[in-house]
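Asks: using only what follows, build the 3D model:
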Amino acid sequence: MTYAGDPIGPLSFLIGTWMGEGVGAVPGGGGADYPYAEVLRIEPDGSSVLAYHSQLASVEDGSWLHAEAGWLRAQEPEDGGPVTVELVIARPTGVTEVLIGHIVDGPAGSHVELASDVVARTPTAPAITADKRMYAVRGGKLLYAIDLAAGESGLAPHLAAALDRHSD
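Replies: Have a look, this model is predicted:
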């Protein structure tokens, strides 16, 4: 993946409104796995970054489960290495994160791997301590997996989905 001075270009494969269902697990094993419906928007915001907004709802009754918003951007690679990617997100639960990673080019296409660099929390926020993510587009679907660490537990699967691209 080349950068060529374009901070959005290397991430353009992620741009779109994506909708579908996934499966979630409570960090630390504090409950049963649960299905969810999601709308994920990754789109240019008029600057050199992509706006990122995700909203999850219960497939059973449509109630709100989770949301996060932020910005995604590519950084010029150092010494001919991979394109660095930064994701800054905030959640209404009082957690804000900076995730840093890179674009990986493989035989099936490109994907983004990210890991938390900083996790900040308000006093009443959940005890999230680390986050690891992977985003890829395969067969017209946005696939992702998110692992979270909460409290004393280490990283464990939290959310995974295969979302379809939709036009707005």
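
Asks: now do stretch 148-160: distance to the chain's middle.
Replies: Relative to its chain's centre, stretch 148-160 lies at 14 Å (Cα atoms, centre = their mean, to the nearest Å).

Asks: do stretch 71-89 as well
Replies: Using Cα atoms, centre = their mean, the offset of stretch 71-89 from its chain centre is 14 Å.

Asks: quick one: secondary structure of the residue lying farthest from the centre of the chain?
Replies: Going by Cα atoms, centre = their mean, the residue of the chain most distant from its centre is residue 79, 26.6 Å out. What DSSP: H, G, I helix; E, B strand; the rest coil gives for residue 79 is coil.

Asks: do the same with residue 98
Replies: Strictly by three-state DSSP, residue 98 counts as strand.

Asks: can you check residue 12 too?
Replies: helix.

Asks: number of nearby residues for it?
Replies: 13 (other Cβ atoms under 10 Å). Backbone N, C-alpha and C define where each C-beta goes, glycine included.

Asks: distance check, the spatially most central residue of the chain against residue 52.
Replies: Nearest to the geometric centre of the chain sits residue 133, at 6.0 Å (Cα atoms, centre = their mean). Distance from residue 133 to residue 52, counting by Cβ to Cβ, to the nearest Å: 11 Å.

Asks: mind listing the shared neighbours of these two?
Replies: residue 87 (Cβ atoms under 8 Å, 6 or more residues apart in numbering).

Asks: just to revisit the earlier point, per-residue confidence at the residue farthest from the centre of the chain?
Replies: pLDDT for residue 79: 82.

Asks: look up phi and psi at it.
Replies: The phi/psi pair for residue 79 (degrees, to the nearest 10) reads phi 50, psi 40.
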